[in-house]
Structures are given as structure tokens and as C-alpha cells.
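1. my questions concern the predicted model and sequence given below.
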Amino acid sequence: MDAFTDYEVKEVDEDALPEISMEEVAKHNTEDDLWIVIYGKVFDVTEWQHDHPGGDLILLENGGKDVSELFRSVGHSPDANAIRPNFMVGKLKMKSKL
């Protein structure tokens, strides 16, 4: 079974999303509450971690962090990029430290 079949692609109004500090993102680093940052966007991947084709461990090890470089270096399928907005919960506050 394809990990992406259960996910309908959703449109997100990014302008309506809250700004979230990196300090706040860093608090969400457990299996029950798992956030990551990719390209300045904050994603709650708590529900996705067990469906992640690369395994849940890589997400858990990087929970609460900016994983933009890792995301780029691994290369992700068009399906992965298409469902990413489903998990978007905010935009990274620009004054935050990475």
C-alpha cells in the first residue's frame, strides 16, 4: 500500500497561518507531539510519522528542528510534496534563531 493514498491534497491559506517561533517548535519533539520546519513552514507530523516511507525514527530524531537541508538532500517524491500542506500549522517567525 502506498503511504500517500490515505491523504487527500488540501489547499492551505498560508497568509492565515500563525507565525511560530523556533523556540515553540523545539517544544514539539516527542512521538505524541512532533513538529518540524521545512523551508520556513511549520508542520505537525505527529499523525504522519508512522506512515512516513523513510520510517518514523528519522522524524522523531529531528522533531522540533529545522530539517530543510535534510529534506532537500534526501529528495522527496511529487506525492510527498503534494501532501506536505496537509500538515502545515504555521510559518516560522523570522526573528527566530535556527
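-> It's in. Residues are numbered from 1 along each chain as shown.
2. pLDDT score assigned to residue 98?
-> Looking at residue 98, its pLDDT reads 56.
3. scratch that, residue 8
-> Residue 8 carries a pLDDT value of 68.
4. cool, and the one 3 residues further on?
-> Per-residue pLDDT puts residue 11 at 80.
5. how close does the closest residue to it other than its chain neighbours sit to residue 55?
-> In space, residue 11 comes closest to residue 85 once its chain neighbours are excluded; the distance is 7.0 Å by CB to CB, 6 or more residues apart in numbering. Heads up, the C-betas are built off the backbone N, CA and C, glycines and all. Distance of residue 85 to residue 55, computed by CB to CB, to the nearest Å: 22 Å.
6. more neighbours: these two, which one.
-> Just comparing residue 85 and residue 55: by other CB atoms under 10 Å the higher neighbour count belongs to residue 85, 14 against 11.
7. is the residue sitting nearest the centre point of the chain bridged to anything, and to what?
-> For the chain, the residue sitting closest to the mean C-alpha position, by CA atoms, centre = their mean, is residue 43 at 3.2 Å. Beta-bridge partners of residue 43, counted by DSSP bridges, are residue 36, residue 88.
8. check contacts around it.
-> Applying CB atoms under 8 Å, 6 or more residues apart in numbering, we find residue 43 in contact with 35-37, 84, 87-89.
9. would you check which pair of these lies furthest apart?
-> Farthest-apart pair in the contacts of residue 43 is 35 and 84; separation 13.3 Å (CB to CB).
10. now do the helices in the protein.
-> Counting by DSSP state H, the chain has helices at residues 22-26, 56-61, 68-74, 78-83.
11. possible to save those helices as JSON lines with mean neighbour count?
-> Formatted as JSON lines, those follow (neighbours: other CB atoms under 10 Å):
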{"stretch": "helix 22-26", "mean neighbour count": "17"}
{"stretch": "helix 56-61", "mean neighbour count": "14"}
{"stretch": "helix 68-74", "mean neighbour count": "12"}
{"stretch": "helix 78-83", "mean neighbour count": "14"}
